[in-house]
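Enquirer: what follows is a predicted structure for the sequence shown.
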Amino acid sequence: MNMPFYVSPEQLMKDRADFARKGIARGRSVALLQYADGIIFVSENPSQALHKVSEIYDRIAFAAVGRYNEFENLRIAGVRLADLRGYSYDRRDVTGRGLANAYAQTLGTIFSSGGEKPYEVEIFVAEVGDEVSDDKIFRLTYDGQIADEHGYAAMGGDAETVAAYLAEHYTEGLSLDGALRLAVAALAHTAAEGTEERIIPAGDLEVAVLDRTRTLPRKFRRLNGDSLSGILAGA
């Protein structure tokens, strides 16, 4: 009689965590910064069709790294949840914290389940407030853990190097132009440490902001084309 194959729970969780981390590290990094008038998301993403950064609701945005099909499913679920909550109750009842908690439950359940592989994703959920102090930024990992972020954050790819560069150069109250240039410099800094930093073409960047100064209820907008090129050129 053959003995059943046994893996300890600790080893099983470690293997699942290692699997998820390796998948996330294969992608390109996303950098997030608070600036004077809102929150900016910057990622190197040559694709014009597949977005890493998207709007969820009026003041809430979503950014992700990892497997596209998995984080796209999470994004769609978040949009549906926000729409349902806003329609059933009040638009003010849709909050970044509520969405982050829902994502944490989903990711934690999938990670703990032995019936399916863990999601190879990390997520930012950000909500812009009326003042900088009211901004909310949540980072969610593949296993459902939530962390509050302040000022700046990075995930995916060589996130540690990006975050270290931001920690050295970030200052509060940056303008939009200054925050964008800093984020791009941090992403380029990971390319070849110890050599000249590469220049990331504007066409290879995905940039979006939550702009608190917009008069419309929807604060999300994308930066691309001539406006993005002009900022990067220092115009």
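Expert: Nice, I can see it. Numbering: from 1, shown residues only.

Enquirer: what comes into contact with the helix ranked longest in the chain?
Expert: Secondary structure of the chain per DSSP state H: the longest helix is helix 68-88. Identification of contacts with helix 68-88 by CB atoms under 8 Å, 6 or more residues apart in numbering yields 50, 52, 54, 56-57, 60, 62, 64-65, 93-94, 98-99, 102-103, 106-107, 119-121, 123, 125. C-beta: built from backbone N, CA, C; applies to glycine.

Enquirer: is residue 202 in contact with residue 227, as I believe?
Expert: No. At 9.6 Å, residue 202 does not count as touching residue 227 under the criterion of CB atoms under 8 Å.

Enquirer: higher neighbour count, these two?
Expert: residue 202 (19 against 13; other CB atoms under 10 Å).

Enquirer: ends of stretch 151-164, what's the gap?
Expert: 13 Å (CA to CA, to the nearest Å).

Enquirer: what about residue 56, distance to residue 156?
Expert: Using CB to CB, to the nearest Å, one obtains 19 Å as the distance from residue 56 to residue 156.

Enquirer: likewise for residue 105?
Expert: Counting by CB to CB, the gap from residue 105 to residue 156 is 22 Å.

Enquirer: comparing those two, which residue is more hemmed in?
Expert: Neighbour tally, residue 105 and residue 156, criterion other CB under 10 Å: the higher count belongs to residue 156, 22 against 11.

Enquirer: remind me which residues of the protein are low pLDDT?
Expert: Within the chain, the segments meeting pLDDT under 70 span 1-7, 190-197, 235.

Enquirer: so where do the strands sit in it?
Expert: Taking DSSP state E to define them, one finds strands in the chain at 30-35, 38-44, 53-57, 60-66, 121-127, 136-140, 146-148, 152-155, 205-211, 220-223.

Enquirer: got a markdown table for these, with mean neighbour count too?
Expert: Shown next, in a markdown table, are these (neighbours: other CB atoms under 10 Å):
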| stretch | mean neighbour count |
| --- | --- |
| strand 30-35 | 26 |
| strand 38-44 | 26 |
| strand 53-57 | 22 |
| strand 60-66 | 26 |
| strand 121-127 | 26 |
| strand 136-140 | 21 |
| strand 146-148 | 13 |
| strand 152-155 | 26 |
| strand 205-211 | 23 |
| strand 220-223 | 19 |
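
Enquirer: would you list those strands in JSON lines and tack on distance to residue 80?
Expert: Converted to JSON lines, these look like this (distance: least, CB to CB, whole Å):
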{"stretch": "strand 30-35", "distance to residue 80": "23"}
{"stretch": "strand 38-44", "distance to residue 80": "21"}
{"stretch": "strand 53-57", "distance to residue 80": "10"}
{"stretch": "strand 60-66", "distance to residue 80": "13"}
{"stretch": "strand 121-127", "distance to residue 80": "15"}
{"stretch": "strand 136-140", "distance to residue 80": "18"}
{"stretch": "strand 146-148", "distance to residue 80": "21"}
{"stretch": "strand 152-155", "distance to residue 80": "24"}
{"stretch": "strand 205-211", "distance to residue 80": "20"}
{"stretch": "strand 220-223", "distance to residue 80": "17"}
